[in-house]
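> Model the following, please.
(chains A and B)
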Amino acid sequence: MLLETHSLTANYGQFRALFGVDIAVAAGECVAIIGANGAGKSTLMRSITGVIRNEPGMVLHRSQPIGALSSADVMKRGVAMVPEGRRLFPSLTVEENLLIGGQARKAPGPWNLASVYDLFPILRERRNSSGVALSGGQQQMVAIGRALMSNPELLLCDEISLGLAPVVIRDIYAVLPKVRYAGAAIVVVEQDIGKALAVADRIYCMMEGRVTLVAKASEVTREEIHAAYFGEAA
Amino acid sequence: MIWLDTLVQGILLGGLYALFAAGLSLVFGIMRLVNLAHGDLIVFAAYLVLVGVTRLGLSPWVAALLAAPLMFALGWLLQSLVLNRVLGKDILPPLLVTFGLSVALQNGLLEAFSADSRRIPAGALERASLDLGLVTIGVMPLLTFASAILAILALNGLFYHTALGRAFRATSDDAVTAGLMGIEPKRVFATATGIAMVVVTLAALYLGMRANFDPSIGPARLIYAFEAVIIGGLGSLWGTLAGGVIIGVAQTFGAALNPEWQILAGHIGFLSVMLLRPRGLFPRAVD
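Purely as a prediction, here's the structure:
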């Protein structure tokens, strides 16, 4: 497995946000993690990427324990993150935001400045703008491009459709198959169930810090998701 | 013409204050750390250069060149071993730690070098001057000012045209997200403090060659540095130079009116800018 979590727990002070979460992502796979607000999806991403540190064995990358590593060390192993809210660096231009994504990990692969600009041509035109001067959709493109610049094995996308217009979301989601085709596995965290089912091979549904459903996207029914998402029968 | 001469001397004096302040500005800009020991670190570096000159018989320039990497290492270790542990949302712990460091440095220097005033001997350069007709410019103040400009150009080049500078700015914006980009904020902070200590060495060289110093003068240099940084708008290096020049000019004009007014006039200049532009002359857009 490319990435696994084992009985992953996470706390914010006294408050426990994750209660023994097990997920697994194979190389080249696309997995969606769905759930309502506060289900623990973003906490799961923060735990995987080392923003929240855990017991070493709770997160494994290619069977190696990475749960206690810093987020910089996790990233250098090939796990790149598109954080919730995009989190562009306001002091950096669009191009600098992209470059910084690839400066700590020099891995061979399809992604570089030119190929990211080919993926999002509008960014080439805006390359010298401040990242925060762009529209929300363009900012999301920068955030995705920035993560791709390190040629990750695994791309984690946290709520990439949040706050964007439907037509923009469609464009953003249209690049994920290309990213996957270029070799990366993808985890998308989504509240939009339709979007998640459209791109993912498998889905995990979370509620109140626990995984309540694991299923193949092609086989799962609306009723099963509804029950797992809201904790009640449809 | 006395006023023109006063103005020029004030501008050149501003170069020294900008050198005092540039390291402080760099560290504050990147990690929002106010280093209360900054002035004492300048004095410490001045003694380091002095030792190179008096004990090893080096020229001040060579002594400073040797002191610079030592000061970089000191800054790196200070940040890694001490300051990184206290950086956080609360600004009080780093203030207390650097205040303690300031006291410790002053007493350590007092123990090692006594309270006697010292000066770094610079030979003929101390009295060399250029007669430009209307004004006469000392070579040492001119070198100080030129060094301040070069230091700021170099720091800005580093900031805006290198991968390290990108990491500095990104970490300053958002350390957590910088971590997700593979950047270790603590290592970035240590490097920044190391670089600030190299600038401190340059400031110390000119401080020591231009005037007498003793272990207790650090805090007063810190005040000038603070005022220059705040006038400039926190974290802007060219603003810091402007701040240094404003204080320098205010001081020389004050001194021209009455020699006792020099220091007071500098502080009044600072307060006047604060009245008109509370956020400084060139405030950062994002804070």
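> Tell me the secondary structure at whichever residue of chain B sits closest to chain A.
Distances between chain B and chain A by CB to the nearest CB are smallest at residue B:182, namely 2.7 Å. From N, CA and C alone the C-beta is placed, and that goes for glycine too. Three-state secondary structure (criterion: DSSP: H, G, I helix; E, B strand; the rest coil) places residue B:182 in coil.
> May I have the residues that are in contact with it?
Under the criterion of CB atoms under 8 Å, 6 or more residues apart in numbering or on different chains, the neighbours of residue B:182 are A:72, A:75-76, A:103-105, A:150.
> near chain B, which of these show up?
Checked against chain B using CB under 8 Å from any CB of the partner chain, the contacts of residue B:182 give the following subset in range: A:72, A:75-76, A:103-105, A:150.
> As JSON lines, the residues you listed with secondary structure and neighbour count would be great.
Formatted as JSON lines, the ones next to chain B among the contacts of residue B:182 follow (DSSP: H, G, I helix; E, B strand; the rest coil; neighbours: other CB atoms under 10 Å in any protein chain shown):
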{"residue": "A:72", "secondary structure": "helix", "neighbour count": "21"}
{"residue": "A:75", "secondary structure": "helix", "neighbour count": "25"}
{"residue": "A:76", "secondary structure": "helix", "neighbour count": "17"}
{"residue": "A:103", "secondary structure": "coil", "neighbour count": "18"}
{"residue": "A:104", "secondary structure": "coil", "neighbour count": "20"}
{"residue": "A:105", "secondary structure": "coil", "neighbour count": "18"}
{"residue": "A:150", "secondary structure": "coil", "neighbour count": "25"}
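> which of those lies closest to chain B?
Within the ones next to chain B among the contacts of residue B:182, the smallest distance to chain B is 2.7 Å, found for residue A:104 (CB to the nearest CB).
> All the strands of the chain, in order from the start?
No chain in the question, so chain A it is. Residue ranges of the strands in chain A, as given by DSSP state E, are A:3-12, A:15-25, A:30-35, A:59-61, A:64-65, A:79-82, A:154-158, A:185-190, A:202-207, A:210-216.
> wrong one, chain B
With DSSP E as the definition, chain B shows strands at residue ranges B:129-131, B:136-138.
> what's the longest helix in chain A?
The helix that spans the most residues within chain A, counting by DSSP state H, is helix A:166-181.
> Now do it against strand A:154-158, angle only.
Taking axes from the mean of the first three to the mean of the last three CA atoms, to 10 degrees, one finds helix A:166-181 and strand A:154-158 inclined to each other by 160 degrees.
> Now do the contacts for residue A:154.
Taking CB under 8 Å, 6+ apart, we find residue A:154 in contact with A:2-3, A:25, A:78-80, A:184-187.
> As CSV, those with pLDDT and distance to chain B would be great.
Below are the contacts of residue A:154 laid out as CSV (pLDDT from 0 to 100; distance: CB to the nearest CB, whole Å):
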residue, pLDDT, distance to chain B
A:2, 93, 18
A:3, 95, 16
A:25, 96, 18
A:78, 94, 10
A:79, 95, 9
A:80, 96, 8
A:184, 93, 16
A:185, 95, 17
A:186, 96, 16
A:187, 96, 14
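> just to revisit the earlier point, check the strands of chain B for me and report the most buried one.
Of these, the one with the most neighbours on average (mean count of other CB atoms under 10 Å in any protein chain shown) is strand B:136-138, at a mean of 15.
> ok so, going back, will you turn the ones next to chain B among the contacts of residue B:182 into TSV that also has pLDDT?
Putting the ones next to chain B among the contacts of residue B:182 into TSV (pLDDT from 0 to 100) gives the following:
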residue	pLDDT
A:72	95
A:75	95
A:76	95
A:103	93
A:104	91
A:105	89
A:150	95
